[in-house]
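Chemist: Dropping a prediction and its sequence here:
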Amino acid sequence: MPFERNVNNKFVLESVYRFIAYLMLSFGVLLYYFPMPLHFQHYVVSIFSAAVFIAILCVFVLAKHKFTRHQIKQIVFVLDLCVVAAVLSAVHLSFVFSGLILASFWYLSTSFNKISFVGYSLGFLCAVMTFYISAFLFFGFENYFEDASIYLTIYSFICFAACFGVTNYFNKKALKNLTTTKDYYQDQMNRYIQFSNQLSRYAPLQLWQSIMRGDTQAKIDYKRKRMTVFFSDVIGFTQLAEKLIPDDLAFVLNDYLSHMAEIAKRYEGTLDKFIGDGMLIFFGDPQSRGVEQDAKHCIEMAIAMRQQMHVLRERWLKMGFPELHIRMGVSTGYCHVGNYGSDYRMSYTLIGHDVNLAARLQAAAHPDEILIADETYRLVKDEFVCVPKEPMQLKGLSEPIRTWQLIDKYTGIRSDLQQWFDYEYKGFHLLLNLDEVQHYEYQQLLDVLEQMRQRIQTQQDLTTEQGIARLDASDEVQDSDSKLSGFESDKV
């Protein structure tokens, strides 16, 4: 509606409000001199108010590009104060009318504007000058603080009530508009956050956060950094794809990738891409804790993935899926990392010798084995147990590469405080992670282990050292009777 649009337009609202206020002040001056004959000086306030109103409009329209909004507010405040001073001079500081004018002006100036100390000082100076000039030229200096007519007193209270009523109405209207605007921008922000969360799943988390902070720009750019690169692959997944229906294959793949991606996030690795059932993860960009710490985080992540693969494998076996194993390769060295592609479509990734080396180490690893390059070993050897391997002649590399098999993290913890148990033998597999067991579940685990121990003990009692089932007394008696009956039948 036009009225609603005008109310929402702050310039129009202030202009209408100021026009009405000037009109009421001018009428109050005329009422002050009623029923005396009116002369030219009695219309001075009306003429001056009209001139000031036009000047304010010109300031808003013509000077809005030269002054800031705050500066314009200071100028308008000074002009309004000059009009009030002229009115007070015209009514000779009539007690009721002047007091209500000053109270209303103070309320309006503090409600709608934030005036600086300089603005108040300049306004006070201009108001005093306007007051004395008006008194000297037109209204004189006599009859100050006299009681006005009953008509002016009633009019003063009516104007005062109208001022507060209209001000409260527009304040409520402005508050409602502000609330509506806030809700609108809140909804837009929520939509932006939802879109950001959805889009962030198609890019590495660290890259997305770096872009949001403004540390990284979406442009073709790269840099050379020393980084640790990780490759992993599921052994036999290609053959598995020929045996499973697409739904089961998708379930196994997503189950595996989701758990591994969560582990990569936990250790602050940058998940570059999924390559079928393989993963490329690197440490050192866009966030880095130093080359040595990046390498150690990568190794800890690889161990956690190997442990998680044990859990997934047992679950998949119970669901009827074939047994799957993982192999991993890690290398550390200088790589070029950044945005590659075109302005239309780019990819954040890394290239270099050590990227290829990590991929070759992964391909050469045995099931559930983690192979690391010699450079990585030098960075992590103080905290991890590694076994040297024979130098390998890897595809695409001219010289044999010295590699190490990562066993586990060296913690120095006594065996009675060990948190992770993984023991596998024919017909038996024990996988225990005490970090994930709640304290109230300890007794249940002890009961299960005791049942297993008793059952194994019973089986051992029923079996000889040669693995033959033992005969108890009843079995021996039955065996003797059968032999005797057989002897008698032969005799007959």
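Modeler: Arrived safely.
Chemist: these two touch, right, Y144 and H92?
Modeler: Yes: taking contacts as CB atoms under 8 Å, Y144 lies within contact range of H92: 5.0 Å. (C-beta placed from N, C-alpha, C; glycine too.)
Chemist: higher neighbour count, the two?
Modeler: Neighbours per residue, other CB atoms under 10 Å: of Y144 and H92, the larger number sits with H92, 19 against 15.
Chemist: any idea which element the more buried one lies in?
Modeler: Under DSSP states H and E, no helix or strand contains H92.
Chemist: who's in contact with it?
Modeler: 139, 142-146 (CB atoms under 8 Å, 6 or more residues apart in numbering).
Chemist: what about the helices in the stretch 51-200 of the chain?
Modeler: Ranges of helices in the stretch 51-200 of the chain, per DSSP state H, counting those that start in this stretch, are 69-90, 95-112, 117-134, 150-200.
Chemist: Contact partners for C163?
Modeler: Residues near C163 by CB under 8 Å, 6+ apart: 21, 104, 107-108.
Chemist: So among the contacts of H92, which ones count as buried?
Modeler: Neighbour counting by 16 or more other CB atoms under 10 Å classes F139 among these as buried.
Chemist: quick one: which of the contacts of H92 is nearest Q74?
Modeler: For those, the closest approach to Q74 (CB to CB) belongs to F139, at 27.8 Å.
Chemist: Is it correct that that closest one is in contact with S89?
Modeler: Yes: at 5.4 Å, F139 counts as touching S89 under the criterion of CB under 8 Å.
Chemist: Assign W404 to helix, strand or coil.
Modeler: W404 carries the three-state label strand when classified by DSSP: H, G, I helix; E, B strand; the rest coil.
Chemist: That one: how many residues sit nearby?
Modeler: Neighbour tally, W404, other CB under 10 Å: 23.
Chemist: In strands, which of the contacts of H92 fall?
Modeler: Assignment to strands by DSSP state E places none of the contacts of H92 there.
Chemist: which stretches of the stretch 251-400 of the chain aren't confidently modelled?
Modeler: Of all residues in the stretch 251-400 of the chain, none has pLDDT under 70.
Chemist: try the stretch 101-250 of the chain
Modeler: In the stretch 101-250 of the chain, residues with pLDDT under 70: 111-113, 147-148, 200, 203-206.
Chemist: If we use 80, what do you get?
Modeler: For the stretch 101-250 of the chain, residues meeting the criterion pLDDT under 80 lie at 107-115, 141-149, 163-164, 166-167, 170-171, 174, 195-219.
Chemist: care to break this structure down by domain?
Modeler: 2-183, 212-410 (automatic domain parsing).
Chemist: Which of the contacts of H92 sits closest to G320?
Modeler: Using CB to CB, F145 comes nearest to G320 of these, at 102.0 Å.
Chemist: just to revisit the earlier point, and the helices of the stretch 51-200 of the chain: which comes nearest C58?
Modeler: When the helices of the stretch 51-200 of the chain are compared by CB to CB, helix 69-90 sits nearest C58, at 10.7 Å.
Chemist: Show me what counts as buried in the closest one.
Modeler: Neighbour-count burial for helix 69-90 [16+ other CB under 10 Å]: 72-90.
Chemist: Repeat that for stretch 33-43.
Modeler: Buried, per 16+ other CB under 10 Å, within stretch 33-43: 33, 42.
Chemist: Contacts for it, please.
Modeler: 29-30, 90, 138-139, 149, 151.
Chemist: how about 6 Å then?
Modeler: Residues outside stretch 33-43 that contact it (CB atoms under 6 Å, 6 or more residues apart in numbering) are F138.
Chemist: Between the two ends of stretch 430-443, how far is it?
Modeler: Distance across stretch 430-443, first residue to last, is 17 Å (CA to CA, to the nearest Å).
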